[in-house]
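>>> just a sequence and a predicted model for now, questions to come.
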Amino acid sequence: MIIAIDGPAGVGKSTVAKQLATRLHYRYVDTGSLYRAIAWKVLRAGVNPSDHTAITALLASTRISLTPDPEAPCVRVDDNDVTHEIRTAEVSHMASVVSAIPAVREWLLPVQRVLGAEGHVIVEGRDIGTCVFPAASVKLFLDADSEVRAARRQRELVTAGASVPLDRTQQDMDARDERDRTRLLSPLQPAPDAVVIDTSALSLDQVMDKLMAVISSKR
């Protein structure tokens, strides 16, 4: 099985995807970390994200690897372990910007497909069920109220040692939602055959129960 989990930031995709991968003994692929990895390199290189020619040239000399272990996922860019560095607010913002660049999405598409080609994998992102793996065995779309997602994201940032006001987190998330949902190439939206689950008022255990029920029905 390839299990696709899509949804906006702060909805709990990573948490449930890792738990599902561990429970099912599947590999885990967070495609958002790949976009974050490119964003990290763009920031480090000082490239203007509006300069698509420079971005394309940067991609040509980029190597990204991802360890699909839900217990210890590792992301490397060239020879650098960036697993923790790509979780900053600055990289998050840049990832949303570069993810709208067609050259970036085209470059990462085969990278994502190779990671999921062997099956037995949980893949999370924003266009997995609609673009990357449109024939996935199970397609799930998680959503939640923007206020709830902002609070969740805020807790993640605090845990990571970042000090960002909640209202700023909310503004950044709303702006990212707008970019992701309205971009022309692979916008954030549920696949027609995806099961949509609103996690706003659900506990982690309740979300997991719903996901496992959907997966079991597809086996």
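Done, it's in.

>>> so what's the residue count around Asp209?
11 (other CB atoms under 10 Å). Every C-beta, even on glycine, is put in place using the N, C-alpha and C of the backbone.

>>> just the element for it, please.
helix 204-218 (DSSP states H and E).

>>> output the contacting helices and strands for that helix.
Contacts defined by 3 or more CB pairs under 8 Å, 6 or more residues apart in numbering; DSSP states H and E place helix 204-218 against helix 13-24, strand 138-143, strand 195-198.

>>> again, 10 Å this time
Using 3 or more CB pairs under 10 Å, 6 or more residues apart in numbering; DSSP states H and E, the elements in contact with helix 204-218 are strand 2-6, helix 13-24, strand 138-143, strand 195-198.

>>> ok, now how distant is Asp180 from Pro187?
7 Å (CB to CB, to the nearest Å).

>>> which residues do these two both contact?
Shared contacts of Asp180 and Pro187, defined by CB atoms under 10 Å, 6 or more residues apart in numbering, comprise 100, 126-127.

>>> most surrounded residue in those residues?
In terms of neighbours by other CB under 10 Å, the shared contacts of Asp180 and Pro187 top out with Arg126 at 26 neighbours.

>>> so Asp180 and Pro187 - more neighbours on which side?
Ranked by neighbour count (other CB under 10 Å), Asp180 and Pro187 place Asp180 first, with 19 against 15.

>>> now for Ser146, how many residues are close by?
Neighbours around Ser146, by other CB under 10 Å: 16.

>>> center of this protein - which residue?
Geometric centre of the chain, nearest residue: Gly32, 2.9 Å, by CA atoms, centre = their mean.

>>> tell me where this protein has strands.
2-6, 27-30, 64-67, 74-77, 80-81, 121-125, 138-143, 195-198 (DSSP state E).
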